[in-house]
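*Asks:* Just need the structure, nothing else, for what follows:
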Amino acid sequence: MNRPLLGLALGSGGARGLAHCGVLQAIHEAGLPVDAIAGTSMGAIVGALYARDPDPAATWQHLVAYVEDREFADHWATFLPRRTAEDREGARRWDGLFDFMHRGRIAVKAVALRAAESRARLYDPLARLFAGTGSFAELKVPFAAVALDLTTGRMVAQREGSLLEGLYASCAIPGVFPPVVRGAMVIVDGGGPFRVPVEAVRDLGADFVVAVDIPAYHEHELRTGFDLGMRSNAVALDRLNDFVCAQADLLIRPGLELYHWADFRSGEAIRDIGYEAARAALPELERLWALRQSPVAQAIRRVGSLFGGGI
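*Replies:* Presented below is the predicted three-dimensional model:
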């Protein structure tokens with residue numbers, strides 16, 4: 001292939017990561033190629049679905065069935081702040097009490113145990129979503145699922161072997177789901193230091209990287225010392241993420257501040273926001289992509305490749 005390769009780095013974000021479907025739709029409508037994808041957490045799920053069948057409409061239909069499963073939606077809805085659940089779902093007093101007790105149970109188990117939930121709670125829905133697809137080798141677009149090794153602090157970008165194991169590791173929220181243990185490695189969701197996997201998609205061969213950053217959700221009330229500590233850590237991660245995103249050729253950052261990371265019931269609205277953000281970025285994306293394919297840029301890329309680099 002003579003032209004440069006375009007890669008997508010799809011960030012984590014829970015329910016807000018459904019915006020990636022809108023981004024994929026806009027890129028597809030513009031006729032731009034997608035030659036490689038790396039994803040973290042929800043970005044990995046969306047990316048793997050698209051890599052299996054490069055059709056954004058099919059990707060969305062599969063995700064709708066995934067997140068609208070009653071057991072799945074009800075479970076994650078209990079992580080929503082009570083005011084959000086009441087505003088959007090009309091929750092009654094007893095529902096609010098049940099949700100409060102459930103969140104308390106999760107918090108206690110996360111402190112007392114290695115994981116608050118069973119492996120099956122995450123793995124089984126993924127197995128249904130990717131039924132019939134066993135390995136990375138079966139995907140039509142090169143893809144990496146990005147996670148974090150807690151032992152070394154290094155990125156784990158799985159590109160071969162079991163697709164389900166790679167996706168589970170990328171989505172295994174620390175303290176909520178059991179980690180993947182491989183020898184000395186303890187692998188969990190990479191959404192902390194590797195929220196947007198720009199490096200991973202470069203490693204797949206992408207010459208031009210579009211990063212899709214789903215802004216982290218922050219609670220607005222700082223009532224306790226724990227809240228203050230969590231916010232301090234979040235600010236540090238946000239600053240690291242800004243540095244990472246600056247390494248991409250183009251950044252798309254949908255405005256999703258009003259949506260909670262567990263609000264899967266607002267998927268349609270979230271997808272639409274992703275679509276509009278990508279549409280707004282298309283003129284700049286098409287301009288930069290045309291420049292990257294110019295004869296001068298191509299010549300520099302060829303020369304760079306001789307020395308193990310490129311542009």
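*Asks:* When you work out contacts or count neighbours from here on, use the C-alpha atoms and nothing else.
*Replies:* Fine.
*Asks:* where in the stretch 151-300 of the chain is pLDDT low?
*Replies:* Low-confidence segments of the stretch 151-300 of the chain (pLDDT under 70): 217-222, 226-227, 230-231, 296-300.
*Asks:* Just the helices from it, written as ranges.
*Replies:* For the stretch 151-300 of the chain, applying DSSP state H, counting those that start in this stretch gives helices covering 163-171, 198-203, 225-245, 267-292, 295-306.
*Asks:* Show me which positions of the second one end up buried.
*Replies:* For helix 198-203, the buried set under the neighbour-count rule, 16 or more other Cα atoms under 10 Å, comprises Val198, Glu199, Ala200, Val201, Arg202.
*Asks:* go on, the longest one?
*Replies:* By 16+ other Cα under 10 Å, the buried positions in helix 267-292 come out as 267, 269-279, 281-282, 285, 289, 292.
*Asks:* Ok, the third one next?
*Replies:* Neighbour-count burial for helix 225-245, with 16+ other Cα under 10 Å as criterion, is recorded at Arg231, Ala234, Leu237, Asp238, Asn241, Val244, Cys245.
*Asks:* residue ranges of the strands in the stretch 101-250 of the chain, please?
*Replies:* Taking DSSP state E, counting those that start in this stretch as the criterion, the stretch 101-250 of the chain contains strands spanning 143-149, 155-158, 180-182, 185-189, 208-212, 250-252.
*Asks:* Can you tell me, leaving aside adjacent residues, what's nearest to Gly175?
*Replies:* Ala115 (4.6 Å; Cα to Cα, 6 or more residues apart in numbering).
*Asks:* Please verify my assumption that that neighbour contacts Pro178.
*Replies:* Yes. Between Ala115 and Pro178 there is a contact under Cα atoms under 8 Å: 5.1 Å.
*Asks:* Have a look at those two and say which one is more surrounded.
*Replies:* Set Ala115 next to Pro178 and count neighbours by other Cα atoms under 10 Å: Pro178 wins out with 23 against 19.
*Asks:* OK, contacts around Lys195?
*Replies:* Small correction: residue 195 is Arg, not Lys. Each residue near Arg195 by Cα atoms under 8 Å, 6 or more residues apart in numbering is listed here: Gly11, Ser12, Thr40, Asp213, Asn241.
*Asks:* TSV for the helices of the stretch 151-300 of the chain, including distance to Pro56?
*Replies:* Converted to TSV, these look like this (distance: least, Cα to Cα, whole Å):
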stretch	distance to Pro56
helix 163-171	19
helix 198-203	19
helix 225-245	24
helix 267-292	11
helix 295-306	29
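*Asks:* Of those, which is nearest Asp55?
*Replies:* Nearest to Asp55, of all the helices of the stretch 151-300 of the chain, is helix 267-292, at 14.7 Å by Cα to Cα.
*Asks:* Now do that closest one against strand 208-212, angle only.
*Replies:* Angle of helix 267-292 versus strand 208-212, following axes from the mean of the first three to the mean of the last three Cα atoms, to 10 degrees, is 160 degrees.
*Asks:* Which secondary structure elements does helix 267-292 sit against?
*Replies:* Contact here means 3 or more Cα pairs under 8 Å, 6 or more residues apart in numbering; DSSP states H and E; on that basis helix 267-292 packs against helix 19-29, strand 250-252.
*Asks:* Among those, which comes closest to Ser162?
*Replies:* Here helix 19-29 is closest among the helices and strands packed on helix 267-292 (Cα to Cα), at 23.2 Å.
*Asks:* can you give me the offset of the closest one from its chain's centre?
*Replies:* When distances are taken as Cα atoms, centre = their mean, to the nearest Å, helix 19-29 is centred 14 Å away from the chain's centroid.
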